[in-house]
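[1] predicted model follows, preceded by the sequence.
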Amino acid sequence: MKYPLTISNLIECYKKLPGIGEKTAERLALATLKLDSESINLFSKSIIDSKIKIKKCKICNNLCEGELCEICKDLTRNKKIICVVEDSKNIISFEKIGTYKGQYHVLNGLISPLDGISPDDIELKTLLDRIDKEKIEEIILALKPSIEGETTILYISKILNGLPIKITKIAHGIPMGADMEYVDLMTLETALDNRTEIA
């Protein structure tokens, strides 16, 4: 027996999300049918709004609804330190710790020659522009401990070599290959506090 076309389409939509297989998509689709009209309207409006309203911050590339994200608008943050992360969800992890009070820069990817991702494919030019314009004193490279992360760290430290800027990377209490979003907050805080300077 096949599901009606509308349910089949909903299952296919859920399958497009990362980590969602056939069975989970099926369960989510059937659970969606049980939601009341108000919840369904909020659900569908939120999906549409996220596509229409969410943009990248003009300064750091973080997700936001206006021109600038809340962190870039916050005048109490230390404007001389930038923590470089792979994507916006990494910022959420650091903000949950609550101890880091500097700025961020989202690369939106990591250098990966095997996947055809070169330095030109990530937000490196905008980072270099910020370092120049904002007179940055320290760059913290908070990238995942993987081949791609280490390649990106090496590349950034090389192009910044010779500039009057401190370049550090978070300490590796974080296991090799770990995804930053799954690292517990205590480990992440320790890694940030014990960051090491890159020669």
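    Cool, the structure landed. Quick caveat, the model's predicted, so the values are computed rather than measured.
[2] quick check: buried residues in the helix or strand where residue 9 lies?
    Per DSSP states H and E, residue 9 falls inside helix 5-15. Residues of helix 5-15 classed as buried under the neighbour-count rule (16 or more other Cβ atoms under 10 Å) are 10, 11, 14. Every residue, glycine included, has its C-beta placed from N, CA and C.
[3] list the contacts of it.
    Here helix 5-15 makes contact (Cβ atoms under 8 Å, 6 or more residues apart in numbering) with 2-3, 20-22, 24-26, 28-30, 32-33.
[4] can you add secondary structure and pLDDT and give these back as CSV?
    Formatted as CSV, these follow (DSSP: H, G, I helix; E, B strand; the rest coil; pLDDT from 0 to 100):
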residue, secondary structure, pLDDT
2, coil, 87
3, coil, 91
20, coil, 95
21, coil, 95
22, helix, 94
24, helix, 97
25, helix, 96
26, helix, 96
28, helix, 96
29, helix, 96
30, helix, 96
32, helix, 96
33, helix, 95
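[5] out of those, which comes closest to residue 90?
    residue 20 (21.8 Å; Cβ to Cβ).
[6] what's the local residue count around that closest one?
    16 (other Cβ atoms under 10 Å).
[7] over to the one 10 residues further on?
    The criterion is other Cβ under 10 Å. On that basis, residue 30 has 13 neighbouring residues.
[8] next up, the contacts around it.
    residue 7.
[9] one more pass at 7 Å, please.
    By Cβ atoms under 7 Å, 6 or more residues apart in numbering, the contact list for residue 30 is empty.
[10] that one and residue 71, how far apart?
    39 Å (Cβ to Cβ, to the nearest Å).
[11] need the nearest residue in space to residue 22, chain neighbours excluded.
    residue 15 (6.8 Å; Cβ to Cβ, 6 or more residues apart in numbering).
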